[in-house]
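>>> Provide a 3D model corresponding to the input given below.
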Amino acid sequence: MISQPSRHCTVELQALPSRIGQVRRIVSAQLRYWHLDPLIELAALGVTELLTNVHRHAEPDKMCTVEIELRRDLLTLSVHDHDPRLPVLRDADSLSTCGRGLAMVAAVSESWGVRPHGEGGKAVWFTLPAPPPAVAAPQPVYGPAATLCADAAEHHMSEPAPARSAVAG
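Numbers count the residues shown, from 1 in each chain. Presented below is the predicted three-dimensional model:
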């Protein structure tokens with residue numbers, strides 16, 4: 001018997017400004033479902049910054065996957081894209097209007113990093129400490145339509161989301 005199985009959610013999308021807000025709402029709904037309400041703001045901020053980097057810098061396309069995974073007492077959020085170039089953590093001067101995203105992710109997270117992903121792509125990830133499993137563990141969802149990410153998108157957005165999603169657990 002597994003006392004605390006992992007919880008997993010993925011959302012595929014094109015990193016356009018209009019889609020970033022939708023993903024924030026999906027992440028928020030997923031974390032509420034897992035009873036991780038205290039992490040919603042930090043998770044949404046980190047995901048927004050990573051998606052903004054994909055929108056601004058990724059080539060050859062803006063397609064990406066956001067992955068949320070809860071394992072015991074650690075929440076990991078990652079954004080996978082098709083661009084092999086690694087992001088650079090830099091010090092932005094006080095008048096810059098951009099260049100602070102990764103510094104913000106580093107500041108709010110327990111850890112963060114980059115790893116190769118797929119053929120020629122990368123995944124940028126960060127972690128947040130989660131409450132103890134007794135507090136965070138929701139009841140498992142069973143049945144043919146156990147797709148919380150899609151349900152969250154429908155209930156928390158005024159327009160249908162073209163993002164594809166999948167949930168395990």
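>>> CA only for contacts and neighbour counts going forward, please
Fine.
>>> give me the neighbour count for residue 112.
18 (other Cα atoms under 10 Å).
>>> what segments of the protein are strands?
7-14, 63-71, 74-81, 111-117, 121-129, 164-168 (DSSP state E).
>>> most packed of the ones you listed?
When you average the neighbours per residue for each of the strands of the chain (mean count of other Cα atoms under 10 Å), strand 74-81 leads with a mean of 23.
>>> that one pairs with which strands, and in what direction?
strand 63-71 (antiparallel), strand 121-129 (antiparallel) (DSSP bridges).
>>> nearest to residue 83, out of those strands?
strand 121-129 (4.8 Å; Cα to Cα).
>>> list the contacts of the closest one.
Contact with strand 121-129 is made by 39, 43, 46, 50, 73-86, 105-106, 109-117, as judged by Cα atoms under 8 Å, 6 or more residues apart in numbering.
>>> contacts for stretch 50-66 next, please.
Contacts for stretch 50-66 (Cα under 8 Å, 6+ apart): 10-17, 20, 47, 77-83, 101-102, 124.
>>> before we move on, what about stretch 33-47?
Here stretch 33-47 makes contact (Cα under 8 Å, 6+ apart) with 24, 27-28, 31-32, 66, 77-79, 104-105, 108-109, 126, 128, 130-131, 135-138.
>>> PyMOL command to pick out the buried ones of these?
Buried residues within the contacts of stretch 33-47, by 16 or more other Cα atoms under 10 Å, are selected in PyMOL with:
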select buried, resi 24+27+28+31+32+66+77+78+79+105+108+109+126+128+130+131+136+137
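>>> out of the contacts of stretch 33-47, which sit inside helices?
Among the contacts of stretch 33-47, DSSP state H puts 24, 27-28, 31-32, 104-105, 108, 135-136 in helices.
>>> determine which two of those residues are furthest apart.
The widest separation within the ones in helices among the contacts of stretch 33-47 (Cα to Cα) is 27.5 Å, between 104 and 135.
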